[in-house]
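# Need the 3D shape of this:
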Amino acid sequence: MFVLISISLLSSVFFYVEAVKWGMNAKYWAVLALVIGPFVFPMFGIARHIHWRRAVGFNNLMVEA
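Model prediction:
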């Protein structure tokens with residue numbers, strides 16, 4: 001039981017920091033990670049991609065060197 005609570009707390013902190021770095025709603029992701037735990041990672045990845053696409057645009061070509 002202690003392990004599950006500590007994993008949820010650590011994932012909550014992780015997603016809070018990542019949401020702040022990406023300019024997303026940090027409280028929402030922290031609470032969601034606290035409830036669901038690390039299983040929120042796929043949802044976060046998709047939301048981060050959508051957030052980035054809305055900021056950059058859908059028809060822009062980006063070439064990384």
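# show me where the protein has helices.
Under the criterion DSSP state H, helices of the chain are mapped to 2-22, 26-36, 41-56.
# right, and those helices - which one's nearest E64?
helix 41-56 (13.0 Å; C-beta to C-beta). No exception for glycine: its C-beta is placed from N, CA and C like everyone else's.
# Check which residues of that closest one are buried.
F44, A47, R48 (16 or more other C-beta atoms under 10 Å).
# now stretch 6-25
S8, S11, S12, F14, F15, Y16, E18, A19, M24.
# Tabulate those residues (a markdown table), appending distance to N59.
Supplementary listing: the buried residues of stretch 6-25 in a markdown table, determined by distance: C-beta to C-beta, whole Å:
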| residue | distance to N59 |
| --- | --- |
| S8 | 39 |
| S11 | 35 |
| S12 | 36 |
| F14 | 33 |
| F15 | 30 |
| Y16 | 32 |
| E18 | 27 |
| A19 | 26 |
| M24 | 23 |
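# rewinding a little: can you put the helices of the chain in a markdown table and add distance to E64 and mean pLDDT?
Output for these, formatted as a markdown table (distance: least, C-beta to C-beta, whole Å; pLDDT from 0 to 100):
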| stretch | distance to E64 | mean pLDDT |
| --- | --- | --- |
| helix 2-22 | 18 | 94 |
| helix 26-36 | 26 | 94 |
| helix 41-56 | 13 | 91 |
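# Out of the ones you listed, flag the one nearest V63.
helix 41-56 (13.2 Å).
# Sweet, I'm off.
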